[in-house]
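S.K.: return a 3D structure for these sequence lines:
(2 chains)
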Number of protein chains: 2
Amino acid sequence: MGTVLGIDIGGTSIKAGLFTESGTLVSTKKIPTGKIVNEDAFAAVIGGLEELLCSNGASPFDVVAAGLDVPGPVDDNGRVGMMPNAELDVEGLKAAMAEAFPNMKLAFANDVNAAAVGEMWKGAARDVSSFALIALGTGVGAGVVVSGKLVSGAFGAGGEFGHITVNREEASACGCGRHGCLEQYASASGVVRTYRAECLERGIDAVRLQGPTDSLTVFDAYRAGDEAAQAAISLMCDSLGFALAQVSAVIDPPLYLVGGGMGEGFDLFADELRTAFHAYCLPTCAGARILPAELGNEAAMYGGAFLAMEALGVYGV
Amino acid sequence: MGTVLGIDIGGTSIKAGLFTESGTLVSTKKIPTGKIVNEDAFAAVIGGLEELLCSNGASPFDVVAAGLDVPGPVDDNGRVGMMPNAELDVEGLKAAMAEAFPNMKLAFANDVNAAAVGEMWKGAARDVSSFALIALGTGVGAGVVVSGKLVSGAFGAGGEFGHITVNREEASACGCGRHGCLEQYASASGVVRTYRAECLERGIDAVRLQGPTDSLTVFDAYRAGDEAAQAAISLMCDSLGFALAQVSAVIDPPLYLVGGGMGEGFDLFADELRTAFHAYCLPTCAGARILPAELGNEAAMYGGAFLAMEALGVYGV
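M.R.: Residues are numbered from 1 along each chain as shown, chains lettered A, B, ... in the order given. Coordinates of the predicted model:
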């Protein structure tokens, strides 16, 4: 029986899902990892995947396809681009997997793009063929699906909503070297940065944060009535609503999904985000829905499996 | 023998192309029109199309499909939206055509979207599956193609690049009611407006223009060394380069085509446009090519025919 793997590579672990060839999830496994850059690390990943197979009565020869989600750009042809903080030797892992699973077709995707595909297959975008998933986390990523197909882009920059320019007057530089990117205001670190600046400006003490990306504590402060936190969330919503209005003038999707770590606070900021989007979008696009993603941190694993099946010709064109 | 019509409805005339069912252009005809809003006007259009058929040995019964390009929004489902300056009764014309050509399938598209499809089929985008065509004319329109499929959008706003916000500080309102849209700087009227403002600011006389959209005379002035004209073209290029950089962060196409009436001046502004795009885009997207469109004012006619054949199932998915 053919077996398909969806493999999402995160910072400290891999989330792997074992699927039947017809797309039923059989079992999942979390495989702890460090940097995946040498033979020992590749062997540990393969070992974890083999355990997942074995404990479900499958052998390495049963793996007909795997989708590998990586935290870096992957283009329309499945080529993996440069990863700035390289904790992963893609070519090395690919070779190790090809050896361990000799009957496997391997597909690559950017992790946020894969999450979008997962939401299309099993999540909140099941009923539409075009949409975008925005992942609000340490950074701001997105995945764009048009007519049921992932838009990875000619250079792997499809869905790089985090680098839509929302403030041409911004003095501080974004991680990308440009100025005024959405990510500077709507990522976890952006929200924390804005919050601290707003506290300073108001001469009030910031609440105690667990580091520079602890936006969820800023959300808690917002709930408790903290004005600086409200200002930070407002800037986040205004910036994201503005950026989505630009996206609508390009692909005009019927649906935006909001996920990522900060997506957990969706109820807190949904109204303000929708109001900002409506203020900035072309009137004709105002019917686009903005909803929370459904699959949480399993979305990319599902998407990886779907893309693996697509590579097999099971789904898609 | 099945015959296919590509019909592009312009302001004062219709450009119609007669194609074989396999996509070979047999003949074209320009049909003068006024407002197409009553039975007499419908009859004149039908009469012109029948002449085109007759002079090529075809009968009205041979028409198996027609693509109708309209100057207004058409959504992903082929529904025609509101046209603000309604010179065209779509439902009336549709009924008249259905009666005249009883074996016809009818497809609708926005005219700029159809032009993009034409460039994909027979023009400058033949070798790519994803690209955008930007039409610089009285307004700024665009057509987006992803993986060989036109992206009309859920509300018909796919490719509304003219309404990407490039200047959040703009005091003047765009025709859409919002502020700082690309169209305010990169349309023919935008270029003329900027030119006149630059002349005023410099205290110099503007060259004589043939009306408020005569950007080609501003191009001539640029060639003659007119500083105000250079400033207007520079603002056009800066605004368009900035807007395309935002588009690349959404769909990251390998190719942009520039067409429309102002596209005739492409050689004049191409270098400055590319420089602006490179200054604003994510470094990874800098390889996107910016080239002139090839089919001029026949692009939409070709695109209409292609979409008609797609509706027949001859092309596409």
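S.K.: need the contact partners of stretch A:308-317.
M.R.: Here stretch A:308-317 makes contact (C-beta atoms under 8 Å, 6 or more residues apart in numbering or on different chains) with A:4-6, A:19, A:21-23, A:64-67, A:105-107, A:148-149, A:306, B:317. The way it works is simple: take the backbone N, C-alpha and C, and place the C-beta from them, glycine included.
S.K.: buried residues in it, which are they?
M.R.: Residues A:Ala308, A:Met309, A:Glu310, A:Ala311, A:Leu312, A:Val314 are the ones in stretch A:308-317 that count as buried (16 or more other C-beta atoms under 10 Å in any protein chain shown).
S.K.: so what's A:Phe19 up against?
M.R.: Taking C-beta under 8 Å, 6+ apart, one finds A:Thr3, A:Val4, A:Leu5, A:Gly6, A:Leu25, A:Val26, A:Ala305, A:Met309 in contact with A:Phe19.
S.K.: so which residues on the stretch 51-200 of chain A come close to chain B?
M.R.: Counting by C-beta under 8 Å from any C-beta of the partner chain, the stretch 51-200 of chain A comes close to chain B at A:73, A:76, A:81, A:130, A:144, A:146-147, A:149, A:151-161, A:163-165, A:167-168, A:176-178.
S.K.: 6 Å - rerun?
M.R.: Contacts of the stretch 51-200 of chain A with chain B, taken as C-beta under 6 Å from any C-beta of the partner chain, map to A:Val146, A:Ser147, A:Lys149, A:Val151, A:Gly153, A:Ala154, A:Phe155, A:Ala157, A:Gly158, A:Glu160, A:His163, A:Ile164.
S.K.: are any of the contacts of A:Phe19 buried, and which?
M.R.: Buried members of those, scored by 16+ other C-beta under 10 Å, are A:Thr3, A:Val4, A:Leu5, A:Gly6, A:Leu25, A:Ala305, A:Met309.
S.K.: so which of the residues you listed are in helices?
M.R.: Judged by DSSP state H, helices contain the following of those: A:Ala305, A:Met309.
S.K.: wait, a strand at A:Phe219?
M.R.: No: under the criterion used here (DSSP: H, G, I helix; E, B strand; the rest coil), A:Phe219 is helix, not part of a strand.
S.K.: next one: it from A:Phe266, what distance?
M.R.: Using C-beta to C-beta, to the nearest Å, one gets 10 Å for the distance from A:Phe219 to A:Phe266.
S.K.: please, where are all the strands along the stretch 151-300 of chain A?
M.R.: A:255-259, A:289-292 (DSSP state E, counting those that start in this stretch).
S.K.: what mean pLDDT does the shortest one get?
M.R.: pLDDT averaged over strand A:289-292 equals 98, rounded to a whole number.
S.K.: got a list of contacts for it?
M.R.: For strand A:289-292, the surrounding residues in contact (C-beta atoms under 6 Å, 6 or more residues apart in numbering or on different chains) are A:Ala124, A:Leu255, A:Tyr256, A:Leu257, A:Val258, A:Gly263, A:Phe266, A:Arg274.
S.K.: ok, the fourth one - contacts?
M.R.: Looking back up the chat, that one is A:Leu257. A:Leu257 makes contact with A:Glu119, A:Ala124, A:Leu133, A:Leu291, A:Ala293 under the criterion C-beta under 6 Å, 6+ apart.
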